[in-house]
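Visitor: Sequence first, then the predicted structure, then my questions.
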Amino acid sequence: MEDEPVNIREYEEVAKQVLPKMIFDFYNGGAGDEYTLRENMEAYKRIMLRPRILVDVGRIDMSTTLLGYKMQSPIMVAPTGMHKYAHPEGEVATARAAAACNTLMVLSFGSSRKIEDVASSCNAVRFYQLYVYQKREVSATLVRRAEEYGFKAILLTVDTPSLGRREKRHKKQKRGSDLEAFASQTLDPSLCWNDIEWLRSITSLPIILKGIISPEDGTFASLLFISGYQFYRFTKCFYFFLR
């Protein structure tokens, strides 16, 4: 079709036209003054390709593996929440799309569909994103459900002692974001390195740390991994540098 979107920017324009403004801002916006969001976009623009000539490209293989699971390309579905805002099937539709593309999906802690619904939607490899509650048994229950329904790894978010202030949403809701209020009342702001050992004690799944940003934290995590103090029983431990 002539008007069918062909790149991410065009899909963004379509989303802006069909979604209510509040929902579009939720998906498309960032926290505070959105400085980090803008800087991330600019950082991608600064990445340049350095092509080499006279290389046989008759057969191109972009496949790779993560934790031993093969993907068609090094692109996966990151944990993003509330997909039902955009589609009636929510994360179930996203899971089917990921499976059709032979890639991994990380189901968000803030998913609008239950772990069980997504697990039964298709046969695909999935990881589960975890936040740690003040009541640890709540987090432990989520981990057990993820294990029971075939998720292959736990992706622990470690860079969010409190959620970012979504100012666009605050302008539309007098009491601010319900999600931010929920997080401040229920998530554990005291989460620290020692708690990784607690998580490891309740699951046999590989654990991925999401949100390491500073080189110092990356070095510290690597030293722990090498020394075996906390990570010695991990199958593998990856450090995702995400916003």
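Guide: Yep, it's here.

Visitor: Give me the spatial nearest neighbour of Ala78, chain neighbours excluded.
Guide: By the measure of Cβ to Cβ, 6 or more residues apart in numbering, the closest residue to Ala78 outside its immediate chain neighbours is Val106, 6.0 Å from it. The C-beta positions use only the backbone N, C-alpha and C, and glycine is treated the same way.

Visitor: and the one you found, what is it in contact with?
Guide: With contacts defined as Cβ atoms under 8 Å, 6 or more residues apart in numbering, Val106 is in contact with 76-79, 126-129, 155.

Visitor: Beta-bridge partners for it, please?
Guide: Partner residues in beta bridges with Val106: Phe127, with DSSP bridges as the criterion.

Visitor: can you check Ile208 too?
Guide: Here Ile208 sits in beta bridges with Leu155, going by DSSP bridges.

Visitor: burial of it, as a residue count?
Guide: Taking other Cβ atoms under 10 Å as the criterion, the count of residues near Ile208 is 23.

Visitor: again with Trp198
Guide: For Trp198, which is what you asked about, the neighbour count (other Cβ under 10 Å) is 13.

Visitor: Glu137 versus that one, what's the distance?
Guide: For Trp198, the distance to Glu137 (Cβ to Cβ, to the nearest Å) stands at 12 Å.

Visitor: Could I get the full set of strands for this protein?
Guide: Assigned by DSSP state E, the chain shows strands spanning 64-66, 69-71, 105-107, 126-130, 154-157, 207-210, 239-240.

Visitor: Dump the ones you listed to CSV, plus mean pLDDT and distance to Glu147.
Guide: Shown next, in CSV, are the strands of the chain (pLDDT from 0 to 100; distance: least, Cβ to Cβ, whole Å):
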stretch, mean pLDDT, distance to Glu147
strand 64-66, 92, 18
strand 69-71, 93, 16
strand 105-107, 96, 13
strand 126-130, 96, 9
strand 154-157, 94, 9
strand 207-210, 90, 12
strand 239-240, 41, 21
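
Visitor: okay if I get those as a markdown table plus distance to Ile115?
Guide: Output for the strands of the chain, formatted as a markdown table (distance: least, Cβ to Cβ, whole Å):
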| stretch | distance to Ile115 |
| --- | --- |
| strand 64-66 | 20 |
| strand 69-71 | 19 |
| strand 105-107 | 7 |
| strand 126-130 | 7 |
| strand 154-157 | 12 |
| strand 207-210 | 17 |
| strand 239-240 | 21 |
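
Visitor: Tell me which residue of the chain is furthest from the middle?
Guide: The centre of the chain is farthest from one residue, Leu54, which by Cα atoms, centre = their mean lies 37.9 Å away.
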